[in-house]
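*Asks:* 3D model of this:
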Amino acid sequence: MNMPLATPGTGRARSLALAEAWRPVLEEQHRNARRGRLYLAGLGLLAVIGLLAGLGWGPDGFDPAFVVRGLLGDGMTASAMIRAMRLPRLTMGVLTGLGLGLSGCLAQAVLKNPLASPFTLGVSSGGGFGAALAMMLWPASHPAAVPILAITFAMLTAGFALGMTRLRGAATETLVLAGVAVMFLFSAMTSFIQYMAPQMDLSRIVFWSFGSLAKADWGEIGVAALLILPGVPWLLLRAPDLDCIMCGDETAASLGVNADRLRRTGIAVMSVMTAGAICFCGVIGFIGLIAPHMARLAVGGRHRLLLPASGLLGVILVILADLVGRAIFAPLILPVGIMTAFCGVPFFFWLLVRRCRRRLCD
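*Replies:* Residues are numbered from 1 along each chain as shown. This is a model prediction of the structure:
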């Protein structure tokens, strides 16, 4: 069969036609990327403003200039107040918000479930039970027991969630319901520990269960940073792979991504980051659920922008909850966990109603 000979310029003309056809799509992607970077810059600026407000907010209110002088060490009173009390509190808040925001985004990606989060999957409750158990068994003699048991029980709970995803015919709602059941189980076990614990340990466990940043110190901050921060570069490097598995395991496999291995590794990373976020300041719920959804509305679904936006929004939400908790009944300070629960429950119901309406429309 005689093949038609290519005329000079045919290949170039075809390339120009393809480029012209794809130009609107590429221009839209560039606009979205620029808008996403602007959102990230705005979120970073808002986080810095929240940190400065948190350093200056309190019974002894400090103006921004006083806060800056205190951070620079200019003035003994300002330095002692800010560095010893408020800076550790806010640093722990930053780590907690970052860990929970990133963990929630990772859970929703690897499980392909918009309702997945460390809280709804029971990972936070599992880690909380491990921390409470360590507080009762080793009150002060083994400080490393708290993060070790928190990580252990968080990973056991996350492994159960991963096992549920392998059940044939298991729907996403089944996974969330199983996570809620596990959450109630570990909450009941934590309550049993509180009932059996001596009075001295009981007050410590109860105060911890509220989810508070008040007693953060630099030693605990160092341990939390070791558990949370190493997962951040791994997440950013795996952002394109997370985009692939959101399109389905078969599509991911065709692009060279091992979805099962990435899912197992992602669950492990989520468990460690969640344990680092809650093992010292207590269970702070709904941040891992709210922050990724707010970030998705702002920057879209590409994880290259979604992950840092989720982390920044987690930081902002924790700092804002801490500020509101310090202001609403001043001088009484409400724990962060109570404030996030008040805000998170209506948001969770809104997500459920939205999913029901979308299913009815389909």
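
*Asks:* hey, let's count contacts and neighbours off CA atoms from now on
*Replies:* Will do.

*Asks:* which residue sits closest to residue 338, ignoring its sequence neighbours?
*Replies:* residue 210 (6.6 Å; CA to CA, 6 or more residues apart in numbering).

*Asks:* Next up, the contacts around that neighbour.
*Replies:* By CA atoms under 8 Å, 6 or more residues apart in numbering, the contact set of residue 210 is 282, 283, 284, 335, 336, 337, 338.

*Asks:* tell me the pLDDT at the last one?
*Replies:* Per-residue confidence for residue 338 comes out at a pLDDT of 84.

*Asks:* where's it, which helix or strand?
*Replies:* Using DSSP states H and E, residue 338 sits in helix 336-361.

*Asks:* which of the residues in that helix are buried?
*Replies:* For helix 336-361, a neighbour-count test (16 or more other CA atoms under 10 Å) marks 336, 337, 338, 339, 340, 341, 344, 347, 348, 351 as buried.

*Asks:* possible to save the residues you listed as CSV with distance to residue 111?
*Replies:* Below are these laid out as CSV (distance: CA to CA, whole Å):
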residue, distance to residue 111
336, 28
337, 25
338, 28
339, 28
340, 24
341, 24
344, 21
347, 20
348, 18
351, 17
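
*Asks:* farthest pair in those residues?
*Replies:* Using CA to CA, the pair of these lying farthest apart is 336 and 351, separated by 22.1 Å.

*Asks:* before we move on, back to that, what packs against the helix holding residue 338?
*Replies:* helix 287-299, helix 303-327 (3 or more CA pairs under 8 Å, 6 or more residues apart in numbering; DSSP states H and E).

*Asks:* so how far is it off the chain centroid?
*Replies:* 17 Å (CA atoms, centre = their mean, to the nearest Å).

*Asks:* Output the helices and strands packed on helix 336-361 in CSV, with mean neighbour count and distance to residue 206 appended to each entry.
*Replies:* What follows is the helices and strands packed on helix 336-361, written out as CSV (neighbours: other CA atoms under 10 Å; distance: least, CA to CA, whole Å):
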stretch, mean neighbour count, distance to residue 206
helix 287-299, 24, 21
helix 303-327, 25, 18
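
*Asks:* which one of those helices lies closest to residue 197?
*Replies:* helix 303-327 (28.3 Å).

*Asks:* where does residue 256 land in three-state SS?
*Replies:* coil (DSSP: H, G, I helix; E, B strand; the rest coil).

*Asks:* In contact with residue 105, which residues are there?
*Replies:* Residue 105 touches 117, 288, 289, 291, 292, 306, 307, 310, counting by CA under 8 Å, 6+ apart.
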